[in-house]
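> What follows is a predicted structure for the sequence shown.
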Amino acid sequence: MQRRYLIAGNWKMNGSLAANAELLTGLLARQNDRSNDFPDIESLVCPPAVYLESVRQRIGDGPILLGAQNLSDQHKAGAYTGEILGAMLAELGCSYVIVGHSERRAYYGEDDATVARKFAAAQAAGLRPILCVGETLEQREGGMTETVLERQLGAVIAACGIGAFARAVVAYEPVWAIGTGRTASPEQAQAAHAYLRGQLAVQDAKIANSTRILYGGSVKADNAAALLCCADVDGGLIGGASLKAAEFLAICAAAQALNKT
Ligand code: PEP
């Protein structure tokens, strides 16, 4: 089974109308010049929700896809002040949404049950969730990495069923590597990805084989190829480096050069 690389940019709570316009000009310039330079991969940007519409207008129907960083766990509109329904994101042209990012787990109290509800709400709205899982440094040093990954992934499998992963992406994001400049080694990433795929395979080998597992944590242009060439690494979830057009495009180019399809 060939899994198409997905390079996803998580802009987090960054940007402004002016900064986004500049970033998108950089991202689109290369594609405008030479149609689509990365025909065999998927590329995705996830701006803050307030900018989704303006980003959508700029990227149009081009090859860069649009995603959101978060959504409500509710399935229907109603009295949930400050929340954003999955259907609203879909209406704005989002095809993916990040769920369970470690920043949401750590700062906004999202536990495994909440993440599983958001995963289900995303799919109910026709969005593909990108489920983030990963251990803290303390957990890694305590030999708990696999236990944490099993718990975080298992909670969603238990709530939504393994079949749901046919329309989802998993992202392994060791918390100690996010925004720290400290990247997991290719060996560490591959071991975690293989473990996650093994957990999916216990339930359904075919789905395990087709589910894309992204690596996230200080991916940059100069370390992308080494991580992306690992057998079970099917793309990247890129934070800081997604805010620089040249860096993000270089990561896309690394994936295109390795092209698994
Ligand atoms: C992230 O936010 O998901 C992330 C991986 O950030 P960074 O690339 O900055 O470590």
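Perfect, I can see it now. Numbers count the residues shown, from 1 in each chain.

> tell me which parts of the stretch 151-261 of the chain are close to the ligand?
Within the stretch 151-261 of the chain, the positions adjacent to the ligand are 173, 178-179, 216-219, 237-241 by C-beta under 6 Å from any ligand atom. The way it works is simple: take the backbone N, C-alpha and C, and place the C-beta from them, glycine included.

> Try it again at 8 Å.
171, 173, 177-181, 216-220, 236-242 (C-beta under 8 Å from any ligand atom).

> The stretch 1-150 of the chain too?
Residues of the stretch 1-150 of the chain lying near the ligand (C-beta under 8 Å from any ligand atom): 10, 12, 98, 101-103, 132.

> quick check, nearest of those to Pro39?
Asn10 (23.4 Å; C-beta to C-beta).

> close enough to count as contact, the closest one and Tyr96?
No: Asn10 is beyond contact range of Tyr96, at 10.6 Å (criterion: C-beta atoms under 8 Å).

> In PyMOL, how would I select just the buried ones from the residues of the stretch 151-261 of the chain next to the ligand?
Entered in PyMOL, the line below selects the buried ones among these, by 16 or more other C-beta atoms under 10 Å:
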select buried, resi 171+173+177+178+216+217+218+219+220+236+237+238+239+240+241+242
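
> Just to be sure, which of the residues of the stretch 151-261 of the chain next to the ligand are found in strands?
171, 216, 236-238 (DSSP state E).

> which one of the residues you listed is nearest the ligand?
Among those, Gly216 lies closest to the ligand (C-beta to the nearest ligand atom), at 3.5 Å.

> what's in contact with the worst-scoring helix or strand of the chain on mean pLDDT?
One helix or strand of the chain scores below all others by mean pLDDT, DSSP states H and E: helix 17-33, with a mean of 87. Residues from elsewhere that reach helix 17-33 (C-beta atoms under 8 Å, 6 or more residues apart in numbering): 15, 37, 45, 47, 51, 54-55, 58-59, 62-64, 243-246, 248-249.

> Could you dump the residues of the stretch 1-150 of the chain next to the ligand into CSV and include pLDDT and secondary structure?
Below are those laid out as CSV (pLDDT from 0 to 100; DSSP: H, G, I helix; E, B strand; the rest coil):
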residue, pLDDT, secondary structure
Asn10, 98, strand
Lys12, 98, coil
Ile98, 98, strand
His101, 98, coil
Ser102, 98, helix
Glu103, 98, helix
Cys132, 98, strand
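
> out of those, who's nearest the ligand?
Once C-beta to the nearest ligand atom is applied, the member of these that ends up nearest the ligand is Asn10, at 4.4 Å.

> Let me see the contact set for that closest one.
46, 69, 98, 101, 216, 237-239, 242.

> Beta-bridge partners for it, please?
With DSSP bridges as the criterion, Asn10 is bridged to Cys46.
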